[in-house]
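Novice: show me the folded form of this:
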Amino acid sequence: MDVLSWGGFAASAVVSLTALLALWIRVRWRVHQEKVRGDSLIAIAEALPGGGRLRDQRADGSCITLSVPATAQHGGRRG
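Specialist: Sure, this is the predicted structure:
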């Protein structure tokens, strides 16, 4: 009976560790994808002319809208 309980404990531990590893991999992939998406949005926003507008719609229905104000000065950046 001792062997059965240790075997069940070991199987439970392996299942738990596998689930945690899968979750960790998924989170790392998601963070990477969000960083790539953010970098591309920043590059697009920097290329927008004054008075330009950017709207990014995601598959889940959420969206980001960015409006670049028109400036009187040309070539000058704030920041």
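
Novice: for the most centrally placed residue in the chain, list the residues it contacts.
Specialist: With distances taken as C-alpha atoms, centre = their mean, E34 lies nearest the centre of the chain, 2.2 Å away. Counting by C-beta atoms under 8 Å, 6 or more residues apart in numbering, E34 touches no other residue. Every residue, glycine included, has its C-beta placed from N, CA and C.

Novice: per-residue confidence for it?
Specialist: Reading off the confidence values, E34 has pLDDT 89.

Novice: gap between it and R28?
Specialist: As defined by C-beta to C-beta, to the nearest Å, E34 lies at a distance of 11 Å from R28.

Novice: what about the residue lying closest to R55 once chain neighbours are set aside, helix or strand, and which?
Specialist: Spatial nearest neighbour of R55, excluding adjacent residues (C-beta to C-beta, 6 or more residues apart in numbering): T65 at 4.8 Å. Using DSSP states H and E, T65 sits in strand 63-67.

Novice: CA atoms of that strand as PDB?
Specialist: The C-alpha trace of strand 63-67 is given here as PDB (Å, rounded to 0.1, in the frame of the first residue of the first chain):
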ATOM      1  CA  CYS A  63      -8.900  48.600 -29.500                       C
ATOM      2  CA  ILE A  64      -6.300  51.400 -29.000                       C
ATOM      3  CA  THR A  65      -6.800  54.800 -30.700                       C
ATOM      4  CA  LEU A  66      -4.000  57.300 -30.800                       C
ATOM      5  CA  SER A  67      -4.300  60.800 -32.200                       C
END
